[in-house]
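Novice: predicted model and sequence below, questions to follow.
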Amino acid sequence: MTDPTDTDTEEELTPTDRAALELAIEVTRKESPARREQIDDFLSSPLWIRPWIEVATFAASCAQSRALRLPPWQIPPCHIGNIATALADTDERSGYRAGALLRLRMERCGVSKWHPNPVAACEVAEAEQRQAAK
């Protein structure tokens with residue numbers, strides 16, 4: 001149900017995804033001095049050791065987990081691989097179904113799967129959609 005080694009490469013990123021990943025790095029660096037140091041160390045690694053996309057997706061995962069207050073055993077929505085399979089999961093404790101439902105909401109709202117705070121981003125997009133419909 002999950003593929004933490006997502007197949008996205010920097011070349012495949014949309015402008016929306018790139019902006020979300022850059023925001024995720026920024027947000028994650030502000031989490032604590034230790035996290036800032038970790039991200040900075042990752043970013044200063046040679047690209048063949050730790051590419052930017054790997055650092056950015058790690059930051060997105062950390063930020064989403066924190067924003068959604070996920071327990072340690074649940075994965076953030078950015079790592080839901082097969083949405084249909086995750087939707088079929090009946091174990092509420094696993095969080096797969098909830099993550100897949102959030103991913104569908106994100107898609108409807110035009111929010112990148114990498115956004116560091118997906119619920120807040122969806123709420124903003126939905127408010128803008130309601131305003132535009134008036």
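Specialist: Structure's in. What do you need?
Novice: surely C109 touches A121?
Specialist: Yes - using Cβ atoms under 8 Å as the test, C109 is close enough to A121 to be in contact (7.1 Å). Placement of C-beta: from N, CA and C, glycine included.
Novice: T57 and Q64 touch, don't they?
Specialist: No - under the criterion of Cβ under 8 Å, T57 makes no contact with Q64, lying 10.4 Å away.
Novice: in terms of neighbours, single out the busier of the two.
Specialist: Neighbours were tallied for T57 and for Q64 using other Cβ atoms under 10 Å; the higher tally belongs to Q64 (27 against 23).
Novice: show me where the protein has helices.
Specialist: For the chain, the helices defined by DSSP state H cover 15-29, 33-44, 52-67, 83-87, 96-109, 118-133.
Novice: hmm, back to that, who touches both of T57 and Q64?
Specialist: In terms of Cβ atoms under 8 Å, 6 or more residues apart in numbering, T57 and Q64 are both contacted by the residues C78.
Novice: tell me how far the nearest residue to T14 once chain neighbours are set aside lies from D91.
Specialist: Residue nearest to T14 in three dimensions, not counting chain neighbours: S112, with 7.4 Å by Cβ to Cβ, 6 or more residues apart in numbering. Noted for S112: a distance of 27 Å to D91, by Cβ to Cβ, to the nearest Å.
Novice: again, but for K30
Specialist: Using Cβ to Cβ, one obtains 34 Å as the distance from K30 to D91.
Novice: settle it for me: which of the two has more neighbours?
Specialist: When K30 and D91 are compared for neighbours, K30 comes out ahead with 12 against 8, by other Cβ under 10 Å.
Novice: show me what contacts the residue most central in space within the chain?
Specialist: For the chain, the residue sitting closest to the mean C-alpha position, by Cα atoms, centre = their mean, is W114 at 3.2 Å. By Cβ under 8 Å, 6+ apart, the residues touching W114 are D17, A20, L21, A24, A56, T57, A60, C78.
Novice: the residue nearest to T14 touches D17, doesn't it?
Specialist: Yes - the pair S112 and D17 qualifies as a contact (Cβ under 8 Å) at a distance of 4.7 Å.
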